[in-house]
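Q: Just need the structure, nothing else, for what follows:
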Amino acid sequence: MADKMHLKLTINGEQFETLCEPRELLIHVLRERFNITGPHIGCETSHCGACTVDLDGKSVKACTLFAAQAQGATITTVEGLASPEGMHVLQEMFREHHGLQCGYCTPGMITRAWRLLQENPDPTEEEVRFGMAGNLCRCTGYQNIIKAILAAAAIMNGRDAAADDAVKTPEEVA
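A: Alright, predicted model coming up:
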């Protein structure tokens, strides 16, 4: 058995430390050691994105990253996006635009969308679709997820999200 290593992380602005085996995955350390349960365990192959977290300014799939690889990192999860004043605008827009159904993929979707909007504050619908391609949803059909992200971008850029609602469902186009 491998020796345990001392792991230090900053997660959602708080310092965390633990001992872990070098083979332990980041998703398990987050959920089981630190009780940060927003990121979900989905496919465990990095295909679904339910475990997406922001690590040092990049979206990563925590199910295929060893915790040891995150040593000293700054991590933001969906829990870290909210503030004492309430939910982040992305969380609000996912709720308002029904960008979730079962909710299993939602934390990873929102965390990835947050990074996408950090990288590209005013994306087009096509750029959102491309930027979110690594996060899968089995319930929604994505239309409302895209609407939610574009509405959040509009609000974050000081525009009226309702007037900016460019994504149309097939019924709206007909």
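Q: So what would you say the end-to-end distance of stretch 67-85 is?
A: With Cα to Cα, to the nearest Å as the measure, the ends of stretch 67-85 fall 31 Å from one another.
Q: Now do that stretch: everything it contacts.
A: Stretch 67-85 is contacted by residues 5, 7-13, 20, 22, 24-26, 28-30, 36, 38-39, 53-56, 87-88, 90-91, 106-108, 110-111, 114 when judged by Cβ atoms under 8 Å, 6 or more residues apart in numbering. All C-beta atoms are positioned from the backbone trio N, CA, C, and that covers glycine.
Q: The same query, at a cut-off of 6 Å, please.
A: Stretch 67-85 is contacted from outside by 5, 7, 9-12, 20, 22, 24, 26, 29, 36, 38-39, 53-56, 88, 107, 110-111, 114, using Cβ atoms under 6 Å, 6 or more residues apart in numbering.
Q: filter those residues to the buried ones?
A: Buried by 16 or more other Cβ atoms under 10 Å: 7, 9, 11-12, 20, 24, 26, 29, 36, 38-39, 53-55, 88, 107, 110-111, 114, out of these.
Q: Looking at these, which are in helices?
A: Within the buried ones among the contacts of stretch 67-85, residues falling in helices by DSSP state H are 26, 107, 110-111, 114.
Q: Is it possible to get a markdown table of those that adds distance to residue 100?
A: Putting those into a markdown table (distance: Cβ to Cβ, whole Å) gives the following:
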| residue | distance to residue 100 |
| --- | --- |
| 26 | 24 |
| 107 | 10 |
| 110 | 9 |
| 111 | 13 |
| 114 | 15 |
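Q: Cool, thanks, talk later.
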